[in-house]
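>>> 3D model of this:
(one chain, ligands or ions: 1)
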Amino acid sequence: EPNGGLSGKHILITAGPTHEPIDPVRYIANRSSGKQGFAIAAAAAKAGARVTLVAGPVHLPTPAGVDRVDVETARQMLAAVEAALPADAAIMVAAVADWRAADAADQKLKKDGSGQPAPLALVENPDILATLGHHAQRPALLVGFAAETQKIAEHAQAKLAKKGADWIVANDVSGPPGMSVMGGDANAVQIVSAAGIESWPSLPKSEVADKLIEKVAHALASYPD
Ligand code: C5P
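Numbers count the residues shown, from 1 in each chain. Sure thing, here's the model as predicted:
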C-alpha cells in the first residue's frame, strides 16, 4: 500500500448500537447503523493498520483487512475492547446503550392488564470510552464520538474531560428518523480537543473516515513509540 501511514499500528474501533435484553424476545436498542464506524475501520485498514473492529448488531459487511468481533450488549463490548488491548489508538464510535434492564427476564414478560407502569427497572451500563480513558493500558490516542442535538461543541468539551479522551468527534444527530445522520450516508462533524475546535463540512461518511484516519496517523507519528 502506498498509503501506509498507519503501518505497524493497532487501531481499535467500536461501531454500531448495542442491544440490551429485556426478556427472550425484547431488547433496548437505538438507531445507530454502524456505517461511520465501519467506514473508519475500512480507512484505517487501507492506511496499513492492524484493525480490531468490535461491532454491535449491524447489517454491514466486514471491511477488507479488518479483524471483526461481534457483540450484542455493552458489557460484551467492554470485554471485547479490553481483550483487544494494547492499541495505539482507540476510536469509540459505537452508540452504546446507556441503560440495560436490571434483571433480564428468563421468560417472556406478560402484561397483566392492571394499567400499572411496566415493571422495567434500568441500570447504567459501563462507559467503555471512560473506562479506556482511565485504563492502565490506555491507548496513546483516544477518540470518542458525541451524538448531540444541541449545544454540540459545549457538550463535547465537557465530554473530553469526563471521559479522559483526547478528541471528541461531535455530530448533530437532530432531524427526523430516516432524515438524520443516523442511518444516513453523510456526516458534518466538529473535532473538539485541547487544541480547539475544527469544523468539517458535511461529507460522505467515507470521507469523514479518511480525513479522521489521516489525522490519527499524523498524531501517532508525533508520539514516541
Ligand atoms: O456520553 P455519550 O454516550 O454521549 O458519549 C459518547 C461517546 O462515548 C462515544 O464515543 C461512545 O462510543 C462512547 N460510549 C461508550 N460507552 C458508553 C457510552 C458511550 O464507549 N456506555
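>>> All the helices of the protein, in order from the start?
Secondary structure of the chain (DSSP state H): helices at 35-46, 74-84, 128-133, 152-163, 205-221.
>>> Relative to the ligand, which of those is closest?
Taking C-beta to the nearest ligand atom, helix 128-133 is the member of the helices of the chain nearest to the ligand, at 3.2 Å. For every residue, glycine as well, the C-beta is placed using N, CA and C.
>>> now what about that closest one, what contacts it?
Under the contact criterion C-beta atoms under 8 Å, 6 or more residues apart in numbering, helix 128-133 has outside partners 14, 74, 77-78, 81-82, 90, 92, 94, 96, 138-139, 142, 144, 162-165.
>>> now do 6 Å
Outside helix 128-133, the residues within contact range by C-beta atoms under 6 Å, 6 or more residues apart in numbering are 77, 78, 81, 90, 92, 96, 142, 144, 163, 164, 165.
>>> repeat for stretch 13-27
Identification of contacts with stretch 13-27 by C-beta under 6 Å, 6+ apart yields 28-30, 32, 34, 37-38, 40-41, 53-58, 72-74, 77, 91-97, 100-101, 104-105, 108-109.
>>> same deal with stretch 78-97?
Here stretch 78-97 makes contact (C-beta under 6 Å, 6+ apart) with 9-18, 20, 28, 30, 32, 36-37, 40, 52, 54, 56, 69, 71, 74, 125-126, 128-129, 132, 137, 139-145, 216, 220.
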